[in-house]
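Trainee: Sequence and predicted model, in that order:
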Amino acid sequence: MVSQKETVCVTGASGFIGSWLVMRLLERGYFVRATVRDPGNLKKVQHLLDLPNAKTLLTLWKADLSEEGSYDETDVTVFSTWQHPWILNQKILRTK
């Protein structure tokens, strides 16, 4: 458990790894700012909203790593590991 509640931003929170990370952080008492492409799409985010402690510790933010300025409103420093941008956009692979 965290002695002083800290805030963590999780990118890609609706994905498999992101969801597990959000769950573990909530279990440990962190405030989590979870970024997803569409927070209104309950099919993609309901599993996050149903997690224990989500009502008090979780906020969903609309953000996309491929869109410039997408993280401006989250007011956090983002440290992330994600797939190479060339792999992110499969169309780029087909043009080479």
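Mentor: Nice, thanks for sending it over.

Trainee: okay, CA-based contacts and neighbour counts for the rest of this
Mentor: Fine.

Trainee: Find the residue ranges of the chain scoring beneath the pLDDT cut-off.
Mentor: 1-4, 74-96 (pLDDT under 70).

Trainee: residue boundaries of the helices in it?
Mentor: Counting by DSSP state H, the chain has helices at residues 16-27, 42-49, 54-57, 85-88, 90-95.

Trainee: Out of those, which is closest to Thr35?
Mentor: Taking Cα to Cα, helix 16-27 is the member of the helices of the chain nearest to Thr35, at 9.4 Å.

Trainee: Distance to Cys9 for the helices of the chain - can I get that in CSV?
Mentor: Listed next are these as CSV, based on distance: least, Cα to Cα, whole Å:
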stretch, distance to Cys9
helix 16-27, 9
helix 42-49, 14
helix 54-57, 12
helix 85-88, 20
helix 90-95, 26
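
Trainee: okay, those, which one's buried deepest?
Mentor: helix 16-27 (a mean of 17; mean count of other Cα atoms under 10 Å).

Trainee: what sits against the closest residue to Thr11 other than its chain neighbours?
Mentor: Sequence neighbours aside, Thr35 is the residue nearest to Thr11 in space, at 5.0 Å (criterion: Cα to Cα, 6 or more residues apart in numbering). Counting by Cα atoms under 8 Å, 6 or more residues apart in numbering, Thr35 touches 9-14, 60-64.
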